[in-house]
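**Student:** Take this sequence and fold it.
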Amino acid sequence: MHGDFSRLTFRPDKRFSAVLAQQGRVQLDAEANEQVRIDQHRQRTAIGDIIGRFGGPRGANGFKLTYVPKDKAPASLVIGGGRYYVDGILVEASRPPRGVPVLDDPETDPTPAPPAEWTYWDQPDAHRDQERPDEAHHLPAEFPFLAYLLVTEHLVTAIQDPEIRETALGPALPDTTARTKVSWQVLPLTAKDGLQIPERPTPENLMAAFDGWVERGRATGRLAARAERPARTEDDPCLSAPDARFRGLENQLYRVEIHAGGKEPTFKWSRENGSVALPVSTVDKTWVTLAEGARDLKLGLSIGDWVELADDASVARGEIGPLAQVRDIDTEALRVELSVESATGVGRPGRHAFLRRWDQRGDARPVQEGRWLDLEDGVQVWFAPGGKYRGGDYWLIPARTLSGEVEWPRNERGEPLLRPQLGIVRHYAPLAWIPAAGQLTDLRLTFGPIAQHVVSEL
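**Tutor:** Prediction:
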């Protein structure tokens, strides 16, 4: 998550059960956030142990699907309301009721009432686009296919939801906190996508085939990090200790993130956890107009910086756009000229577009496995050979000036340990098998309440 954090300290292997404050001490964001993660881990683990990998409550089981064949409009799915649990995470499918406006004449309300249930095309977190001709947005034209639920959790800041910001603090101060949000998407899966369809499909062997597809698609990349003092340095010895391996002048939280996955993966990095993001109001080819300026130079943009233009839709769909270099900045008009145009459709009104700054001195770098790669100020990373990467995979590396080191797990000999990516964590559940129009097999699981009537003992 691209938040303005000092570091993220939760590690389930340490088996901590609580964070306890001590009197007279400084309160840190990392400690409060670790307590949140401890509680979340315990809750979701317990729910998963009781319910299983996925399931919905009897009487309120969500995500019942109904296939609507193509007519004048593209084929669609109606998504029934209710609740479903995936890996212990509560996922809610019910469509919220429309707000009631105050009108002089209530009978003249021009706003049509929304449908009672979500559909494939208007589901809130998928941003499907009927106007795009590519098959990635449409349901398959041929049968059979399996419909499944994809669940992720992402960070929401005042850029995505302005109500988070306390306006009484004024525009000069930053937003105080961020939120995490569980997002869900109902998506199709076919043999072309890698699903190995059984000869005689049953709910049991379809679930096994789906599990195999999930496992084959998991990212396996691992990374290690260290600080190594450069052989030659021109640092002022009054600013950095002579024996410091990390040569930076400020504490940093480095983020190494996979930009493009696949057979030729690339990565980008940020010394601020990718938290330097500026809201965008309009996009006109290579010119971008910002909704507001940066708070200071350190958290702003300069000519030559590398940035990424994204919005709610591109983030939800996992679409990787090109990195662009800042060519010109009109400070008074809050306009920024980029070296390349944005990806098609990015920056549409209502999708909370933003520019995210990255700190490498060029475009995304190729992932070179089996060797130490320099970032800056002595910070180095190592990608383990044989990894499989997906766009958005990331690792965090705290670097501290007092120790002159990065904080990274090591073995007893002091050697950096390889660690899997921290995210993006994806959770999956099969929902329905659709072998033909008018045919559908429900693959959801359900559970009943544990409580029972008291039986008197005689």
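**Student:** From here on, just use CA atoms for contacts and neighbour counts.
**Tutor:** Fine.
**Student:** Residue 280: how many residues sit nearby?
**Tutor:** Other residues near residue 280 come to 25 when the count uses other C-alpha atoms under 10 Å.
**Student:** need the contact list for it.
**Tutor:** 288-292, 347, 352-355 (C-alpha atoms under 8 Å, 6 or more residues apart in numbering).
**Student:** Buried among these? Make that a PyMOL selection.
**Tutor:** Applied in PyMOL, the following selects the buried portion of the contacts of residue 280 according to 16 or more other C-alpha atoms under 10 Å:
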select buried, resi 288+289+290+347+352+353+354+355
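**Student:** Sort out which one of the contacts of residue 280 lies nearest residue 229 for me.
**Tutor:** Using C-alpha to C-alpha, residue 355 comes nearest to residue 229 of the contacts of residue 280, at 32.6 Å.
**Student:** does the closest one really touch residue 308, like I thought?
**Tutor:** Yes. Assessed by C-alpha atoms under 8 Å, residue 355 is found in contact with residue 308 at 5.6 Å.
**Student:** Report the residue ranges of every domain in this protein.
**Tutor:** As assigned by automatic domain parsing, the chain contains the domains 12-51, 54-218+426-447, 222-420.
**Student:** Of those domains, which is nearest residue 4?
**Tutor:** Smallest distance to residue 4 across the domains of the chain (C-alpha to C-alpha): 5.3 Å, for domain 222-420.
**Student:** avg pLDDT for stretch 147-158?
**Tutor:** Stretch 147-158 comes out with an average pLDDT of 96.
**Student:** Name the residues of that stretch that are buried.
**Tutor:** Neighbour-count burial for stretch 147-158, counted by 16+ other C-alpha under 10 Å, picks out 147-154, 156-158.
**Student:** How about stretch 424-431?
**Tutor:** Going by 16+ other C-alpha under 10 Å, stretch 424-431 has these buried residues: 424, 427-431.
**Student:** Can you pick out the most distant pair from the contacts of residue 280?
**Tutor:** Taking C-alpha to C-alpha, the two most distant members of the contacts of residue 280 are 292 and 347; they sit 15.4 Å apart.
**Student:** re the thing from before, among the contacts of residue 280, which one sits closest to residue 373?
**Tutor:** Out of the contacts of residue 280, the member with the shortest distance to residue 373 (by C-alpha to C-alpha) is residue 355, at 26.2 Å.
**Student:** Across the sheet, point out what pairs with the closest one.
**Tutor:** residue 278, residue 309 (DSSP bridges).
**Student:** What of residue 181?
**Tutor:** Applying DSSP bridges, one finds that residue 181 bridges with residue 154.
**Student:** Use 26 as the first number for this chain going forward.
**Tutor:** Right, with 26 as the first residue, what we last looked at is residue 206.
**Student:** my guess is it contacts residue 178, does it?
**Tutor:** Yes. Counting by C-alpha under 8 Å, residue 206 does reach residue 178; the two are 5.4 Å apart.
**Student:** so which of the domains of the chain comes closest to residue 481?
**Tutor:** Of all those, it is domain 79-243+451-472 that lies closest to residue 481, at 25.6 Å by C-alpha to C-alpha.
**Student:** buried set for stretch 212-224?
**Tutor:** For stretch 212-224, by 16+ other C-alpha under 10 Å, it's 212-215, 220, 222.
**Student:** Start and end of that stretch, how far apart?
**Tutor:** Using C-alpha to C-alpha, to the nearest Å, one end of stretch 212-224 lies 23 Å from the other.
**Student:** same check, this time on stretch 442-459
**Tutor:** 45 Å.
**Student:** same check, this time on stretch 396-415
**Tutor:** End-to-end distance for stretch 396-415: 20 Å, by C-alpha to C-alpha.
**Student:** which residues are contacting that stretch?
**Tutor:** With C-alpha under 8 Å, 6+ apart, stretch 396-415 has contacts from 243-255, 270-273, 283, 285-287, 290, 294, 385, 392-395, 431, 443.
**Student:** helices and strands of this structure: which one bottoms out on pLDDT?
**Tutor:** For the chain, using mean pLDDT, DSSP states H and E, the weakest element among its helices and strands is helix 337-342, scoring a mean of 90.
**Student:** What strands flank the helix or strand following that one, and is each parallel or antiparallel?
**Tutor:** As assigned by DSSP states H and E, the chain's next helix or strand after helix 337-342 is strand 348-355. In the sheet, strand 348-355 lines up against strand 331-335 (antiparallel), strand 360-363 (antiparallel) (DSSP bridges).
**Student:** Quick check: buried residues in strand 348-355?
**Tutor:** Those would be 348-352, 354, for strand 348-355 by 16+ other C-alpha under 10 Å.
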